[in-house]
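Asks: got a predicted structure plus its sequence, pasted below:
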Amino acid sequence: MKTKYVLVAFLAIMAGIIGFAIFFQEAFIALLKHPATYSHARFLHIAAVTLFFANAVVGILWEQRSLASGSKEVILHTYNPVTFLDSRFSAPLIILSVLGGLSLSYNIGELWQIGWLSVSFLLFIGSGIFWIVSDIPTQYKIKKLISSLKPDDQRLPDELIRLLKLRRWISMAGVVPLVIAFILMVYKPEITAVADWLR
């Protein structure tokens, strides 16, 4: 239950930052453009994105190995720390990634006018929306099934195994856009900006 409240709190913080950026745009941009924040923002962004990406990949691999073991104890032991890290580690890293990335973008130009940057941001947002829409409800169902388990159950219910396998695919689908965004962030290729897609 604590994990749910932490996750809701981080989602509220993200919504607050977005609201601040929309309703106090000039103050937000001035803060992000401040010269003293550039180096800090670059470090913050690189560290947060790298840790977030690594946590996502390691979580997928860890869950995959636990499911392959077929052991009830191993699967349950693995699921708890992975979801704990998702809510307590990934959520703040997402906030730091977005803040650092926005700060850097305002120092190099208009976000939606720079090809690699606008596409990376779109992929990051898309991955986040996909995670909220698909992974959070799946985790809720998994937690409900886990809480109904009896200590003397020899094996996990088929529905729980099905949801854990589904979560693996959801996680992989959410990581693919991040891989592409990571590549775009590093190599900065010349591609059409999002603002020019409909022109």
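Replies: Structure's in. What do you need? Numbering: from 1, shown residues only.
Asks: following the lengthiest helix in the chain, which helix or strand comes up?
Replies: The single longest helix within the chain, with elements called by DSSP state H, is helix 37-69. Later in the chain than helix 37-69, the nearest helix or strand by DSSP states H and E is helix 72-85.
Asks: got a list of what V74 touches?
Replies: By C-beta atoms under 8 Å, 6 or more residues apart in numbering, the contact set of V74 is S66. For the C-beta atoms, the positions are set from N, CA and C on the backbone; glycine is no exception.
Asks: swap that for P92, please
Replies: Counted by C-beta under 8 Å, 6+ apart, P92 has contacts F10.
Asks: what about 10 Å?
Replies: 6, 10, 13, 48, 51-52 (C-beta atoms under 10 Å, 6 or more residues apart in numbering).
Asks: again with S127
Replies: With C-beta under 10 Å, 6+ apart, S127 has these contacts: 56, 94, 173-181.
Asks: G59 now?
Replies: 78, 81-83, 85-86, 89-90, 167-168, 171, 175.
Asks: got a quick PyMOL command for the buried subset of those residues?
Replies: Selecting the buried subset of the contacts of G59 in PyMOL, with 16 or more other C-beta atoms under 10 Å as the burial test, is done by:
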select buried, resi 78+82+83+85+86+90+167+168+171+175
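Asks: just the element for Q154, please.
Replies: Per DSSP H and E, there is no helix or strand for Q154.
Asks: my guess is it contacts S71. True?
Replies: No. Using C-beta atoms under 10 Å as the test, Q154 is too far from S71 to be in contact (11.0 Å).
Asks: which one of those two is surrounded by more residues?
Replies: A direct count of neighbours by other C-beta atoms under 10 Å for Q154 and S71 places S71 higher, at 14 against 6.
Asks: for the more buried one, grab phi and psi.
Replies: phi -90, psi 130 (degrees, to the nearest 10).
Asks: and the pLDDT at it?
Replies: With respect to pLDDT, S71 has a value of 85.
Asks: I60: how many residues sit nearby?
Replies: For I60, the count of nearby residues is 19 (other C-beta under 10 Å).
Asks: quick one: contacts for it?
Replies: Contacts of I60 (C-beta under 10 Å, 6+ apart): 82, 167-172, 174-175.
Asks: buried subset of the contacts of P92?
Replies: Members of those classed as buried by 16+ other C-beta under 10 Å are 10, 48, 51-52.
Asks: pick out the most distant pair among these.
Replies: Taking C-beta to C-beta, the two most distant members of the buried ones among the contacts of P92 are F10 and L51; they sit 15.1 Å apart.
Asks: ok, then the element right after the lowest-mean-pLDDT helix or strand in the chain?
Replies: Here the helix or strand of the chain ranked lowest by mean pLDDT, DSSP states H and E is helix 2-23, holding a mean of 72. Following helix 2-23 in sequence order, the next helix or strand is helix 25-33 (DSSP H and E).
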